[in-house]
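In: Next one to model:
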Amino acid sequence: MNTIRNTLLTLALAISLAACEQGSTDTPPSPAPAGPSPGTPPSGATGIDPVNGFQTTNPPITRSTVNDGAGFVLIADGTTATSFTITVDTRERRYVVIRPVNSAPNVPVLLMLHPTATTPETMANLANVSDYVLTQGFWAVLPQAIGGTWDDDPSSFANLDIPFMNALLDRLYADPAIDDTRIYATGFSSGGFMTERMACELSPRIAAFAIASATLRGSQASVCVPAVRRPKVYFLGTSDAIVAYNGVFSGTPNGLYSAADTLQFWRQQQGCGGIVSTTLPNRANDGTTVQRDEYTGCGNGTALQLYTIYNGGHAWPGGDPSFVGQATQDIAATGLLWLFARGYRR
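Out: Predicted coordinates:
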């Protein structure tokens with residue numbers, strides 16, 4: 001397991017963005033500024049395609065690189081990015097909020113957890129999340145791991161990030177602009193493993209979960225008894241050289257489950273029965289194809305889906321194609337996970 005973690009660290013360091021790690025302020029986001037049309041997407045916005053998660057706008061979205069107070073991030077014009085800090089157990093922790101300039105009341109929130117040795121700015125850029133913030137009207141909240149590494153393994157003794165997530169959720173719940181029943185969580189790579197830990201330990205506080213390039217740790221499965229069962233969607237590549245689709249010592253305490261074993265674990269937890277599989281349109285000539293498995297008969301409000309990216313690497317679907325391995329451009333994980341999650345409430 002240390003070998004896997006070190007490999008993740010080495011590869012992620014090679015592609016991480018340069019970002020200053022200084023905190024900005026310990027005050028939470030203020031209510032949205034007044035505007036003539038709060039929450040209104042740009043003229044001509046048509047939303048998210050239900051098959052591939054992509055969105056179209058007319059005119060096209062324009063973007064600018066901004067300093068959020070701690071680093072640089074590329075965001076859609078009409079959105080803002082601000083770095084905040086919060087003190088948890090005497091330690092200062094950082095997070096970034098990307099939101100529309102004109103934000104509607106009772107806004108939903110998407111927590112987004114970055115890969116190892118990167119930053120919130122990295123995650124925002126590779127997922128193109130500010131485009132969806134602009135057109136769909138939610139806030140993206142991107143926390144920063146200590147030293148770039150999430151405490152995602154419940155068998156470790158540090159337990160630094162569950163208290164951080166609880167404190168961050170407390171702050172979001174207290175913000176009158178936010179609908180605290182519609183807070184969702186997603187993560188990529190080690191951020192995906194941390195999102196799974198949250199699905200096990202913080203399920204009463206988060207309405208739905210999405211995981212990319214991360215399967216289930218054996219150490220997590222052995223202790224995972226969620227207080228509330230929540231919907232989940234996975235995005236996993238068959239050619240992922242970091243988190244193997246077929247697992248690493250799958251089913252053992254120190255291993256990583258395969259995609260099949262990971263989904264079987266949640267099928268049993270959520271009472272799912274059959275599977276409906278759909279081959280999605282081959283939208284891009286990039287050597288990948290995508291199959292969506294929808295699990296049927298799951299308990300009320302506990303939908304379960306898997307997007308298998310054939311020939312897909314350790315990458316965010318529809319995002320930056322230069323991460324590790326092939327990032328399919330047949331689907332957009334950001335759009336599909338939002339389409340999946342947005343109707344659920346805790």
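In: residues contacting residue 168?
Out: Listed by C-beta atoms under 8 Å, 6 or more residues apart in numbering, the contact set of residue 168 reads 86, 93, 95, 111, 141, 143. Just so you know, the C-beta spots here come from the backbone N, C-alpha and C atoms, and that holds for glycine as well.
In: no, scratch that, I was asking about residue 290
Out: For residue 290, the contacting residues are 279, 280, 307, 308, 309, 310, 312, 317, 328, 330, 331, by C-beta under 8 Å, 6+ apart.
In: rewinding a little: closest one of the contacts of residue 168 to residue 174?
Out: Using C-beta to C-beta, residue 86 comes nearest to residue 174 of these, at 11.5 Å.
In: how deep is that closest one tucked in, by neighbour count?
Out: Applying other C-beta atoms under 10 Å, we find 20 residues neighbouring residue 86.
In: buried set for stretch 193-202?
Out: Buried residues in stretch 193-202, defined by neighbour count with 16 or more other C-beta atoms under 10 Å: 193, 194, 195, 196, 197, 198, 199, 200, 201, 202.
In: can I get the CA coordinates of it in CSV?
Out: Coordinates of the C-alpha atoms in stretch 193-202 are reproduced here as CSV (Å, rounded to 0.1, in the frame of the first residue of the first chain):
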residue,chain,number,x,y,z
PHE,A,193,-10.4,7.4,-1.6
MET,A,194,-11.1,10.2,0.9
THR,A,195,-14.6,10.7,-0.6
GLU,A,196,-15.2,7.0,0.0
ARG,A,197,-14.1,7.4,3.6
MET,A,198,-16.6,10.2,3.9
ALA,A,199,-19.3,8.0,2.4
CYS,A,200,-18.6,5.5,5.2
GLU,A,201,-18.2,8.0,8.1
LEU,A,202,-20.1,11.2,7.2
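In: want to throw the contacts of residue 168 into a markdown table with pLDDT, distance to residue 130 and secondary structure?
Out: Putting the contacts of residue 168 into a markdown table (pLDDT from 0 to 100; distance: C-beta to C-beta, whole Å; DSSP: H, G, I helix; E, B strand; the rest coil) gives the following:
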| residue | pLDDT | distance to residue 130 | secondary structure |
| --- | --- | --- | --- |
| 86 | 97 | 22 | strand |
| 93 | 97 | 22 | strand |
| 95 | 98 | 15 | strand |
| 111 | 98 | 15 | strand |
| 141 | 98 | 13 | strand |
| 143 | 98 | 17 | strand |
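In: Between those residues, which sits nearest residue 265?
Out: residue 111 (22.2 Å).
In: can I assume the closest one is in contact with residue 185?
Out: Yes - at 4.3 Å, residue 111 counts as touching residue 185 under the criterion of C-beta atoms under 8 Å.
In: intersection of neighbour lists for those two?
Out: residue 206.
In: neighbour-wise, which of the two wins?
Out: Legend: neighbour count by other C-beta under 10 Å for residue 111 and residue 185, higher for residue 185 (29 against 24).
In: For the helix or strand containing that one, which helices and strands make contact with it?
Out: Following DSSP states H and E, one finds residue 185 within strand 178-188. Judged by 3 or more C-beta pairs under 8 Å, 6 or more residues apart in numbering; DSSP states H and E, the packing partners of strand 178-188 are strand 107-113, helix 120-127, helix 161-174, helix 190-201, strand 209-212, helix 333-341.
In: how far off helix 120-127 does that strand point, in degrees?
Out: 80 degrees (axes from the mean of the first three to the mean of the last three C-alpha atoms, to 10 degrees).
In: Looks to me like residue 285 is in a strand.
Out: No - counting by DSSP: H, G, I helix; E, B strand; the rest coil, one finds residue 285 to be coil, located in no strand.
In: now the strands for the chain?
Out: Here the chain has its strands, by DSSP state E, at 63-67, 72-76, 79-88, 91-100, 107-113, 139-143, 178-188, 209-212, 232-237, 275-279, 289-295, 304-310.
In: got those strands as TSV, with distance to residue 265 columns?
Out: Shown next, in TSV, are those (distance: least, C-beta to C-beta, whole Å):
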stretch	distance to residue 265
strand 63-67	39
strand 72-76	35
strand 79-88	30
strand 91-100	29
strand 107-113	20
strand 139-143	26
strand 178-188	17
strand 209-212	12
strand 232-237	10
strand 275-279	15
strand 289-295	12
strand 304-310	10
